[in-house]
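Enquirer: Generate a structure from the sequence data that follows.
(2 chains)
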Amino acid sequence: MQPRHLRLLATLTWLLVLPVAQASEADARAIVDRMEQLYRGEASRATITMKVETPNYERTLQMTGDSLGRELAFFRILAPRKDRGIATLKRDSEMWNYFPKINKVIKVPPSMMMGSWMGSDFTNDDLVKETQLIDSYHLDMEESDDQYLITLTPKEQTVTVWGKIEYIVSREPLLPVAQIFYDDDGEKIRRMSFREPKAFDGRLMPSVLEMQPLNKEGHRTIVYYDDIVFNPPDVTEDTFSLRNLKSRF
Amino acid sequence: MLTLTIAFRNIFRQRRRSLLTGLSMCGGYILFVLSTSLLEGSYGNVIDIFTLDHVGHIQIHQDDYLDRPKIYKTIKDQAAVRAVLEAHEDVTGYAPRVYSPALAYAGDKTYPARVIGIDTALEPTVSRIRQKVTEGEFFSASPDADGYYTAMIGRGLAISLELSLGDEIVLISQGADGSIANDIYLVGGVIGNRTSFDRMAVYLPLPAAQQFLALGTDVHEYALLVDDRNDNRDIASVLAAALPDLTVSPWQEVESTFYRTMQSDKQGNHFMMGIVVFIVFIGVLNTVLMSVLERTREFGVLRAIGCRPGRLVQLVLLETLLLASFSIGIGILLVTPAVIWLTEVGFQIPEPIDMSGVMFQHMKGELNAYVYLMPMGFIFATAALISLPPGFRAARILPRDALGSH
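Expert: Residues are numbered from 1 along each chain as shown, chains lettered A, B, ... in the order given. Sure, this is the predicted structure:
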């Protein structure tokens, strides 16, 4: 056969296969996108209780979390008293922490991104990058009767420590169930579960998030959403400024 | 008894030869004692420097804090520890401490630092911290009117962060409850100099450090001093039995790298001295052999009248050991003033050694039983060893051949 024919054949095969793959990928994208929108809709303000459990200590933090779109987030600790006022600002992929006692804003350096956020099992990276799942990963979906299992594998240019992420989403209602993180060797590293769906401001969403590192026995972090308000008037672009980060409250 | 009499007589039969042999043994002994004294002394000096500077003679920790320090491996039941330490009469002082790595900020500069929380009253009974304050003064345990605690910082940190007395230093670290420890302190003193082990340390009063690290009243370490540092391992094992839940480590374990280096250096010295003594004793062997050969006829007569061969070996051995005893006796008389001088005065070191701001100018010896007894034992053992071949030779003499010789 001549090279021209070869090329034609290849193109034809490609055209036949492509729509199927695309449809699946598109569905997966839509689902993941929707899941991400759940917590970080347009603008939101959440009241959160975070419980950190380790073999050595147990700690409960209360905080507020504001978000606007996917790029902007702002957390402020309300209790315990010792940590009151400590705040975290996330803009795009950058993060700053503010410590009122020493009146200092400290940028989280890239090397600390995998470090623990406020002593929890969440990393700083979780706060920054979580929203970029659909852009940085190849998505692959399997469907069962009541669940979608979406497997995310990092794209070549994506810088990440995860070799694979499994995202389990229930069909009815369409809500996240769990995320399982694997390292490059295919070893399960941690599992994030979403539980107890509740209607907040008319939207049904899981009210409890549990992060459990599978390589550290006795460690887990549970996040309880006590309340979420969508599109509150005082969450604006200004909320997510370094100036606001430093403001006493 | 008869053997002893004969041995004595033989030694004094050839006085000049015995004197010369004795002198060479005496010289070997003196050399050995002096070098051991100096080695023990200079190591003792170094040990004193770091044990009295910070380490202490014994340390008490929770679990394996020493090898794998973790902020939450703390000593919780301090009352029990203090009761045991108070009850032990050889413990002369103890001090609780907490440790944590931290980031130190001043202005726009950042440096890694080591936070050391110390009890302002107890710490000076264990370490030289009070003498090491080179600027400012030793801090007090309570915060000032505005609620700021005073910190004392290492000279290195003061230089790196361009801090002087009265400035603010900001510390950030990880608290024991997972929180981010952060607070401001005032610089009230500067410790040591640029080469001190604690040049990057930030000393905080114990309550301030415990509050900073969210430790409650827990501490990481108890350091203690004992009466005689040579007894520290025995005392450590007594304390370990009294405190079964904690780890009690003598300084030999705390500074195990140094300890192993020191042990191998000492072994090297013993080996060198062993060679010197061996060379001395080749001469002694010659003497003993000569004295046996020239007495062939005599030994023959002894054998002929019924003396057992073993007795002859004994005789030769006794002669050598007697000679060695005389030599060592004279050696002790001669070397003692020198050892005393080394211990009391010592060599002046051309360049004084500066340990954390405390100067050491003399290389000193050590005066104790070990310094005398170890070389003594070695000399006796070698003397016994080299008198065996001549002894056996004497034992093998046949009266028939011997009586025929002259």
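
Enquirer: Can you give me the neighbour number for the residue in chain A that chain B sits nearest to?
Expert: The minimum distance from chain A to chain B, using C-beta to the nearest C-beta, falls at A:Gly119 (2.6 Å). (Each C-beta comes from the backbone N, C-alpha and C, glycine too.) Using other C-beta atoms under 10 Å in any protein chain shown, A:Gly119 has 21 other residues around it.

Enquirer: Then B:His362?
Expert: 17.

Enquirer: next one: B:Val219
Expert: Neighbours of B:Val219 using other C-beta under 10 Å come to 26.

Enquirer: residues contacting it?
Expert: B:Val219 makes contacts with B:74-75, B:78, B:96-98, B:117, B:206, B:210, as judged by C-beta atoms under 8 Å, 6 or more residues apart in numbering or on different chains.

Enquirer: Quick check: beta-bridge partners of it?
Expert: Counting by DSSP bridges, B:Val219 is bridged to B:Ile75.

Enquirer: Give me the pLDDT value at it.
Expert: B:Val219 carries a pLDDT value of 91.

Enquirer: Enumerate the residues of the stretch 1-150 of chain B near chain A.
Expert: B:72, B:105 (C-beta under 8 Å from any C-beta of the partner chain).

Enquirer: Redo the contacts of B:Val219 as a markdown table? Include secondary structure.
Expert: Below are the contacts of B:Val219 laid out as a markdown table (DSSP: H, G, I helix; E, B strand; the rest coil):
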| residue | secondary structure |
| --- | --- |
| B:Thr74 | coil |
| B:Ile75 | strand |
| B:Gln78 | helix |
| B:Pro96 | strand |
| B:Arg97 | strand |
| B:Val98 | strand |
| B:Gly117 | strand |
| B:Leu206 | helix |
| B:Gln210 | helix |
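
Enquirer: Among those residues, which one lies nearest to chain A?
Expert: B:Thr74 (9.8 Å).

Enquirer: hang on, the earlier thing: measure the residue of chain A closest to chain B to B:Ala208 for me?
Expert: According to C-beta to C-beta, to the nearest Å, A:Gly119 stands 21 Å off from B:Ala208.

Enquirer: which parts of stretch B:134-153 are buried?
Expert: Residues B:136, B:138-139, B:143, B:149-153 are the ones in stretch B:134-153 that count as buried (16 or more other C-beta atoms under 10 Å in any protein chain shown).

Enquirer: quick one: secondary structure of A:Lys198?
Expert: strand.

Enquirer: now it, nearest residue through space, not along the chain?
Expert: With C-beta to C-beta, 6 or more residues apart in numbering or on different chains as the measure, A:Ser207 is the residue that lies nearest to A:Lys198, at 4.2 Å, once sequence neighbours are left out.

Enquirer: Three-state assignment for whatever residue of the stretch 1-150 of chain B ends up closest to chain A, please.
Expert: Nearest to chain A in the stretch 1-150 of chain B, going by C-beta to the nearest C-beta, is B:Tyr72, at a distance of 4.1 Å. Secondary structure, three-state DSSP: B:Tyr72 is coil.

Enquirer: Might you report the residue contacts of it?
Expert: Shown in contact with B:Tyr72 (C-beta under 8 Å, 6+ apart): A:56-57, B:176.

Enquirer: how about a cut-off of 10 Å?
Expert: A:54-57, B:62, B:65, B:175-178, B:213, B:215, B:218, B:220 (C-beta atoms under 10 Å, 6 or more residues apart in numbering or on different chains).

Enquirer: Repeat that for B:Ala151.
Expert: B:104, B:113, B:115, B:139, B:157, B:163, B:168-169, B:171, B:183-189, B:201-205, B:208-209.

Enquirer: can you rerun that using 7 Å?
Expert: B:169, B:185-188, B:202-204 (C-beta atoms under 7 Å, 6 or more residues apart in numbering or on different chains).

Enquirer: what subset of these is also close to chain A?
Expert: Contacts with chain A are made by none of these, judged by C-beta under 7 Å from any C-beta of the partner chain.

Enquirer: Could you rank those residues by neighbour count and give me the top one?
Expert: Most surrounded of those: other C-beta under 10 Å gives B:Leu204, at 30 neighbours.

Enquirer: which residue packs closest to it, ignoring adjacent ones?
Expert: Nearest non-adjacent residue to B:Leu204 (C-beta to C-beta, 6+ apart): B:Gly117, at 4.9 Å.

Enquirer: In chain A, where is pLDDT below threshold?
Expert: Low-confidence segments of chain A, defined by pLDDT under 70, are located at A:1-24, A:39-41, A:128-132, A:248-249.

Enquirer: Tell me which residue in the stretch 201-350 of chain B sits closest to chain A.
Expert: B:Ala214 (7.3 Å).

Enquirer: from what I can see B:Thr343 touches B:Leu367, true?
Expert: Yes: with contacts counted by C-beta atoms under 7 Å, B:Thr343 reaches B:Leu367, the gap being 4.5 Å.

Enquirer: hey, where'd the strands end up in chain A?
Expert: A:43-53, A:58-68, A:72-79, A:87-91, A:94-99, A:104-107, A:137-143, A:147-154, A:164-170, A:175-182, A:188-200, A:203-213, A:220-230 (DSSP state E).

Enquirer: sorry, that was for the stretch 201-350 of chain B
Expert: B:201-205, B:221-226, B:246-250, B:347-355 (DSSP state E, counting those that start in this stretch).

Enquirer: among these, which gets the worst mean confidence?
Expert: Averaging pLDDT over each of the strands of the stretch 201-350 of chain B puts strand B:347-355 lowest, since it has a mean of 72.

Enquirer: returning to that earlier point: nearest to A:Glu187, of the strands of the stretch 201-350 of chain B?
Expert: strand B:246-250 (33.7 Å; C-beta to C-beta).

Enquirer: Note down every partner strand of the closest one and its orientation.
Expert: strand B:58-62 (antiparallel).

Enquirer: ok, B:Val133 touching B:Ile191?
Expert: Yes: the pair B:Val133 and B:Ile191 qualifies as a contact (C-beta under 7 Å) at a distance of 6.2 Å.

Enquirer: Which one of those two is surrounded by more residues?
Expert: B:Ile191 (27 against 19).

Enquirer: mind checking the SS state of the most centrally placed residue in chain B?
Expert: Centroid-nearest residue in chain B, with C-alpha atoms, centre = their mean: B:Gly44, separated by 4.5 Å. Counting by three-state DSSP, the backbone at B:Gly44 sits in helix.

Enquirer: measure the closest residue in space to it that isn't next to it in sequence to chain A for me?
Expert: Distance criterion C-beta to C-beta, 6+ apart; nearest residue to B:Gly44, sequence neighbours excluded, is B:Glu366 at 5.3 Å. Per C-beta to the nearest C-beta, to the nearest Å, B:Glu366 is found 46 Å from chain A.

Enquirer: Now B:Val84. Its backbone dihedrals?
Expert: B:Val84 adopts backbone torsions of phi -60, psi -40, taken as degrees, to the nearest 10.

Enquirer: okay, now the residue nearest to it when sequence neighbours are not counted: neighbour count?
Expert: Leaving out its chain neighbours, the residue that sits closest to B:Val84 by C-beta to C-beta, 6+ apart is B:Ala242, at 4.6 Å. For B:Ala242, the neighbour count with other C-beta under 10 Å is 16.

Enquirer: do the same with the one 3 residues further on
Expert: Using other C-beta under 10 Å, B:Asp245 is surrounded by 11 other residues.

Enquirer: quick revisit: most neighbours per residue, which of the strands of the stretch 201-350 of chain B?
Expert: When the strands of the stretch 201-350 of chain B are scored by mean count of other C-beta atoms under 10 Å in any protein chain shown, the highest mean neighbour count falls to strand B:201-205 (a mean of 26).

Enquirer: I am finished for the moment; much appreciated.
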